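Novice: 3D model of this:
(chains A and B)
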2 protein chains.
Amino acid sequence: MFDFRYYTPTKVVFGRNTESQVADLIREAGGTKVLIHYGGGSVVRSGLLQKVTDCLNAAGIPHVSLGGAVPNPRLGLVLEGIELCRREKVDFLLAVGGGSCIDSAKAIGYGVTNEGDVWDFYDYRRKATACLPLGVILTIAATGSEMSDSSVITREEGLIKRGYSSDLGRPRFAIMNPELTMTLPDYQTACGCADIMMHTMERYFTNGGNMEITDSIAEGLLRTVMANAEILVRDPRNYDARAEIMWAGSLSHNGLTGCGNDGGDWMTHKLEHELGGLYDVAHGAGLTALWGSWARYVYQNCLPRFKKYALRVMGVEDLGTDEEIALKGIEATEDFFRRIHMPTNLRELGVNATEEDLITMAHKCAVGVKGAKGSARLLREEDMLAILKASM
Amino acid sequence: MFDFRYYTPTKVVFGRNTESQVADLIREAGGTKVLIHYGGGSVVRSGLLQKVTDCLNAAGIPHVSLGGAVPNPRLGLVLEGIELCRREKVDFLLAVGGGSCIDSAKAIGYGVTNEGDVWDFYDYRRKATACLPLGVILTIAATGSEMSDSSVITREEGLIKRGYSSDLGRPRFAIMNPELTMTLPDYQTACGCADIMMHTMERYFTNGGNMEITDSIAEGLLRTVMANAEILVRDPRNYDARAEIMWAGSLSHNGLTGCGNDGGDWMTHKLEHELGGLYDVAHGAGLTALWGSWARYVYQNCLPRFKKYALRVMGVEDLGTDEEIALKGIEATEDFFRRIHMPTNLRELGVNATEEDLITMAHKCAVGVKGAKGSARLLREEDMLAILKASM
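Specialist: Below is the predicted model of the structure:
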């Protein structure tokens, strides 16, 4: 068991119509001039953006807005947001959307309050000393950015995708109304469920410092997400299932499912980042396309955890060797991914990668992790390439 | 499923020797003059108090101290603390101890920052508008006060024990070093485990608004506490078991195990408060002495939950009627309480109550809840008396 810090200051306001509390929450957090940051047209079409601006207008809170946050949010828009905030003397950021929009808002927050190039933080050159206070109205359950310390930004030049983590970026409040996620396409809902699961699985499959209470929370979370993801395949407007998954998304990435461990494995995420850099794929689908190949490559080095997962999460019977049980757990996970229409290899993901592409991805990934990384099994460039090849 | 708010701003610093970080954490929280509040002689004898003052001295943070917090912490000491803080211009409270000491510090914090009588808050007459910032070095895993919004204070006049809850009172940081709990007497360790379990069980046995993810967290927490409480009976200095229970104590009462429900039942706690008012009993032991009688009185009104608990937490086999399964779960819980040497009735608790005492307790309890309360089953005065009689 490792020492840990746990810090989740975000005030969660969960339930139907909670977005109508936005003005009070901004006031409580001390905001007097707001940048409303959002993504594409869906929050416009759904009327959510109008509702939010009506709330702010009614409360007499001045605001400006900036749309255009895209999946794999771009540095260019972040720089535009920083400029806008400074010009308009914005002192509070409100992200209305999913993880991309929240991540983009976090980056804007760092940029406004720190001198110099905001990319420095994402390029691991220095640490931010402040961030503008940030609130969230969540419309996609997936990344957990609404409670997490992390944000991922892509620099257009060279398509470099990098993450920066700081407690300063944790949102002040997160408004979570499960109804706001009901209009998502089925594919995006399933991608979100996959991403949520992977945030916990990356922390679960480690060779260091596990706590039983953390495991039991992680296992319960995974079972809950799986059961409700399947409900949403049949019944996308099921409020309770939407709520279970939305709350699981926050708990999966706010630190709770990693307390006491060694920090997690994260290699499926690292490989997927390279995949997302080369191809236009949804993050959650990229993760499921790689996970089985990663798991088969590493499970023998992390057998007690894969066995525990098989028994407690996937309901595999305690029969046969540990290896057999572990493999059944991996197979059952892939079966589940298929049931929610997620890919289990690159082909199903729609990616026809050449061997050269695979080599490029493995190389970039190895450089990104400074040579080797992974807790379930330490992976070097040749291991990364082997996993990518196995996922074809 | 009910709407909910979840707010746990406390920065948790968990692990060996974490108390040496106290000065940095106080600085981070803006403290410049500290009241160190503690209980009896154990933090003096163990050298912890000296270590803390050494840390503050080395960091140049001025401080005063106030000992004497007792189980069922008293209003008199709170008033003394308020006076001391005002005189010494204290701007940060550091509680070094268990729940009583933390609760007492919270009350001091409300008293210093609000005009008028601090008892008003505990007497439900008005709400606090501020609290001094508060940090904790935890030495007993039990009440969860280190992350919770609640504090319980006893007014000497009439021995009235009352709780007040406010997000303002949530500690800024909680230093949790499991080693600091190793010198606790076995009985107090077991009482702490019982209290931790009951904070989750009070939230679990309800007739409204359950979420599957909350249930799965609650069930995992209960199983973890039980397994590790039994380890500590045999091996009180087991670090990992101490750590599991310490972290479970915080998670059990910070709100996590109640997300989405109707607020919980809490009648075992209410009845125990009356018991603690009349007799000098440890809170955790009072809870286990009453729980079985409460459970048998209410389970038929909350059968799906008692059945789920029996199957998932107590490992009862899914055979027989729902009633039979539920009763087996209750029996298994009492068996567990006995294995950790906790009482399952008033006699084992060492209380020889007269019928008059029982009538007094039931009456005071009914008055305290304004007539009737309870989610598993709504209890009126006659029900409370019946439960107390059954617990003899």
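
Novice: Buried residues, the helix or strand containing A:Glu202. List them.
Specialist: Assigned by DSSP states H and E, A:Glu202 belongs to helix A:186-204. Within helix A:186-204, the residues that count as buried by 16 or more other CB atoms under 10 Å in any protein chain shown are A:188-204. Where C-beta positions appear, they are placed from N, C-alpha and C, glycine not excepted.

Novice: State the number of residues packed around A:Asp240.
Specialist: Residues near A:Asp240, counting by other CB atoms under 10 Å in any protein chain shown, number 15.

Novice: quick one: the longest helix seen in chain A to chain centroid distance?
Specialist: Longest helix in chain A by number of residues (criterion: DSSP state H): helix A:212-234. Counting by CA atoms, centre = their mean, to the nearest Å, helix A:212-234 is centred 16 Å from the centre of its parent chain.

Novice: ditto for stretch A:319-333
Specialist: On CA atoms, centre = their mean, the centre of stretch A:319-333 falls 27 Å from the chain's centre.

Novice: Report all helices and strands that the helix holding A:Glu202 contacts.
Specialist: Secondary-structure packing of helix A:186-204 (3 or more CB pairs under 8 Å, 6 or more residues apart in numbering or on different chains; DSSP states H and E): helix A:212-234, helix A:239-253, helix A:267-278, helix A:283-298.

Novice: Could you report the distance from A:Lys373 to chain B?
Specialist: Noted for A:Lys373: a distance of 24 Å to chain B, by CB to the nearest CB, to the nearest Å.

Novice: which residues does that residue contact?
Specialist: For A:Lys373, the contacting residues are A:266-267, A:270, A:379, by CB atoms under 8 Å, 6 or more residues apart in numbering or on different chains.

Novice: Chain A - how does it break down into domains?
Specialist: With domains defined by automatic domain parsing, chain A comprises A:11-180, A:185-390.

Novice: Let's have these in JSON lines, adding distance to B:Glu230 and mean pLDDT.
Specialist: Below are these laid out as JSON lines (distance: least, CB to CB, whole Å; pLDDT from 0 to 100):
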{"stretch": "domain A:11-180", "distance to B:Glu230": "34", "mean pLDDT": "96"}
{"stretch": "domain A:185-390", "distance to B:Glu230": "13", "mean pLDDT": "96"}
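
Novice: shouldn't A:Val13 be in contact with B:Arg5?
Specialist: Yes: A:Val13 lies in contact with B:Arg5 (CB atoms under 8 Å); the separation is 5.6 Å.

Novice: hang on, the earlier thing: in the longest helix of chain A, what counts as buried?
Specialist: Across helix A:212-234, burial judged by 16+ other CB under 10 Å covers A:212-226, A:228-232.

Novice: Filter the residues you listed to keep only those in contact with chain B.
Specialist: Near chain B, judged by CB under 8 Å from any CB of the partner chain, the entries from the buried residues of helix A:212-234 are A:212-213, A:215-217, A:219-221, A:223-224, A:228.

Novice: and chain A, which residues reach chain B?
Specialist: Counting by CB under 8 Å from any CB, chain A sits next to chain B at A:1-9, A:11-16, A:18, A:211-213, A:215-217, A:219-221, A:223-224, A:227-228, A:239-240, A:243-244, A:247-248, A:251, A:256, A:259-260.

Novice: Three-state assignment for A:Ile153, please.
Specialist: Taken by DSSP: H, G, I helix; E, B strand; the rest coil, the conformation at A:Ile153 corresponds to strand.

Novice: Of A:Val13 and B:Arg5, which one has the most company?
Specialist: A:Val13 (23 against 15).

Novice: Tell me which residue lies nearest the centroid of chain A.
Specialist: The geometric centre of chain A, computed from its C-alpha atoms, lies nearest to A:Thr143 (CA atoms, centre = their mean), at 2.4 Å.

Novice: residues touching the nearest residue to that one once chain neighbours are set aside, list them.
Specialist: Nearest residue to A:Thr143, sequence neighbours excluded (CB to CB, 6 or more residues apart in numbering or on different chains): A:Gly99, at 2.8 Å. Listed by CB under 8 Å, 6+ apart, the contact partners of A:Gly99 are A:140, A:142-145.
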